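# Take a look and give me a structure for this.
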Amino acid sequence: MGRLAIVLGSGAYGARGETVAGAVAAQDGETVAGAAGAQGVVIRQRHDGDGYRLPHRIDHAANLRSLVEAGCDRAIGFSSVGSLKEALGVGSFVCPEDFIAPQANESIFEDARGHMVPGFDSDWRARVISTWPREGPELRDGGVYWQTRGPRFETPAEVRLLAAHADVVGMTIASEAIAARELGIPYAAICVVDNLANGIGPSPLTVDEIEGVRDVNAVRLRGVLAELLPALAEA
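From the prediction side, this is the model:
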């Protein structure tokens, strides 16, 4: 059996820059990263590079290839998203079943293999959902993720267009899922709602608003990983 990979995004950083992987998770003081390493789990930071790498500058194929080289045969991508539905509030956890990404046309191949049918791996996704901790934040099963290019956020008019067809919006997960499918890595995504998309809430979206909830969501994600990783490492 190969290794489990966890890919963390900008939502893994608290407002003070503390990462989920490096933060204390267990009562005995063990970190998520330390526990993951002991179980053979590989943790990658999606935005790592020369400092913070903006979403449209991420080389998803390179990130996923590094996981293959590390012996990983399944992956979960965690991502900060905006909610396109008022009822899907800040702090929600969503496991999307499909995505829309008209601008994500990249392929690792230069031949006919690039004509691949994209999507999340249904069997692996079902395994992640069934293993999700019963204590802690509820995981919504289903929904559509819309990927925009970034790094800017969307206008209210754009959000109205997106909201007619999707539930959450982000800048990375679809491209990551495409690269994983091409490299043969079963992939599922967990989206953490850090904000109501611009125009969905009662007031205009601000970056300060997003930053203000990162510590809270990072702590909640840390707790989930502390329980989820041991169970899925043996999946």
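# By mean pLDDT, point me to the weakest helix or strand of the protein.
Counting by mean pLDDT, DSSP states H and E, the weakest-scoring helix or strand in the chain turns out to be helix 32-38, with a mean of 57.
# Can you list the strands that whatever helix or strand comes next after it pairs with?
Downstream of helix 32-38, the next assigned helix or strand under DSSP states H and E is strand 42-45. The strands that strand 42-45 pairs with in its sheet are strand 3-8 (parallel) (by DSSP bridges).
# where along this protein do the strands fall?
Under the criterion DSSP state E, the chain contains strands at 3-8, 42-45, 48-49, 51-52, 72-83, 93-95, 98-100, 139-141, 144-147, 168-170, 187-196.
# Pick the most deeply packed of these.
Between those, strand 168-170 has the highest mean count of neighbours, a mean of 27, where neighbours are mean count of other C-beta atoms under 10 Å. (Glycine included, C-beta is placed from N, CA and C.)
# For it, give me every contacting residue.
Taking C-beta atoms under 8 Å, 6 or more residues apart in numbering as the criterion, the residues outside strand 168-170 that touch it are 79-84, 88, 94, 96, 143-148, 154, 159, 162, 191, 193, 197.
# distance between that strand and the chain's centre?
In this view, strand 168-170 has its centroid 10 Å away from the chain centroid, taken as C-alpha atoms, centre = their mean, to the nearest Å.
# so what strands line up beside that strand?
Strand pairing for strand 168-170, using DSSP bridges, gives strand 72-83 (antiparallel), strand 144-147 (parallel).
# of all these, which lies closest to residue 187?
The minimum distance between residue 187 and the strands paired with strand 168-170 falls on strand 72-83, with 5.0 Å, by C-beta to C-beta.
# and that closest one, how far from the chain's centre?
On the basis of C-alpha atoms, centre = their mean, the separation between the geometric centre of strand 72-83 and that of its chain is 3 Å.
# avg pLDDT for that strand?
This predicted structure assigns strand 72-83 an average pLDDT of 96.
# Next, the angle strand 187-196 makes with it.
Orientation check (axes from the mean of the first three to the mean of the last three C-alpha atoms, to 10 degrees): strand 72-83 against strand 187-196 gives 20 degrees.
# May I have stretch 210-229 exported as CSV, CA atoms only?
The C-alpha atoms that make up stretch 210-229 are tabulated as CSV, following Å, rounded to 0.1, in the frame of the first residue of the first chain:
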residue,chain,number,x,y,z
ILE,A,210,-11.3,36.7,5.5
GLU,A,211,-8.2,37.0,7.7
GLY,A,212,-10.4,37.4,10.7
VAL,A,213,-11.7,33.9,10.6
ARG,A,214,-8.5,32.1,9.6
ASP,A,215,-7.4,31.3,13.1
VAL,A,216,-10.7,29.9,14.0
ASN,A,217,-11.0,27.7,10.9
ALA,A,218,-7.3,26.6,11.2
VAL,A,219,-7.9,25.4,14.7
ARG,A,220,-10.9,23.4,13.6
LEU,A,221,-9.1,21.9,10.6
ARG,A,222,-6.2,21.0,12.9
GLY,A,223,-8.6,19.0,15.1
VAL,A,224,-10.1,17.2,12.1
LEU,A,225,-6.7,16.2,10.7
ALA,A,226,-5.6,14.9,14.1
GLU,A,227,-8.5,12.4,13.9
LEU,A,228,-8.8,11.8,10.2
LEU,A,229,-5.1,11.1,9.3
